[in-house]
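Asker: what's the 3D shape of this:
(one chain, ligands or ions: 1)
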Amino acid sequence: MTLIINTIGLLLIGLIIGWFWLSKPRLYSAKTVGLIEILVKDGAYQPAYIEVERQHEVTLRFLRKDPSPCAEIVTFGALNVSQQLPLNQPVDIMLKLDNPGEYEFTCQMGMYRGKLIIK
Ligand SMILES: [Cu+2]
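Answerer: Predicted coordinates:
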């Protein structure tokens, strides 16, 4: 019995380590103008990789389908923007971006990762 519990414990630890260290962001590319829709689903932002031409304002519409509490908040660290994402309810985030560059967005713990690239 102890052996079984130990084995399950080890498997769980392996899964958690795998999730944190081995999972790479799934990359999607979307070259879009205007409103960009991002699905939060199955542990990832889809698309996670967004390229836009330089423009003054970019609106991202997040739709969270992932019930994991981890997905509840999306944060754009470099822009000082954080937004709560209710389940199954689209949320628009308007960003003012005057400088080209790469802007990472993540969940609270940095497990969901995406990147907004302003050209
Ligand atoms: Cu998280």
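
Asker: helices of the protein, residue ranges please.
Answerer: Secondary structure of the chain by DSSP state H: the helices cover 2-17.

Asker: the bottom helix or strand of it by mean pLDDT?
Answerer: One helix or strand of the chain scores below all others by mean pLDDT, DSSP states H and E: strand 29-31, with a mean of 54.

Asker: enumerate the residues of the chain near the ion.
Answerer: Proximity of the chain to the ion (C-beta under 5 Å from the ion) is limited to residues Cys70, Cys107, Met109, Met111. Placement of C-beta: from N, CA and C, glycine included.

Asker: rerun at 8 Å
Answerer: Residues of the chain lying close to the ion (C-beta under 8 Å from the ion) are Ser68, Cys70, Ala71, Thr106, Cys107, Gln108, Met109, Gly110, Met111, Tyr112.

Asker: Gln46: which of the residues you listed is nearest?
Answerer: Of all the residues of the chain next to the ion, Tyr112 has the smallest distance to Gln46: 10.3 Å, by C-beta to C-beta.

Asker: many thanks, I have nothing further to ask.
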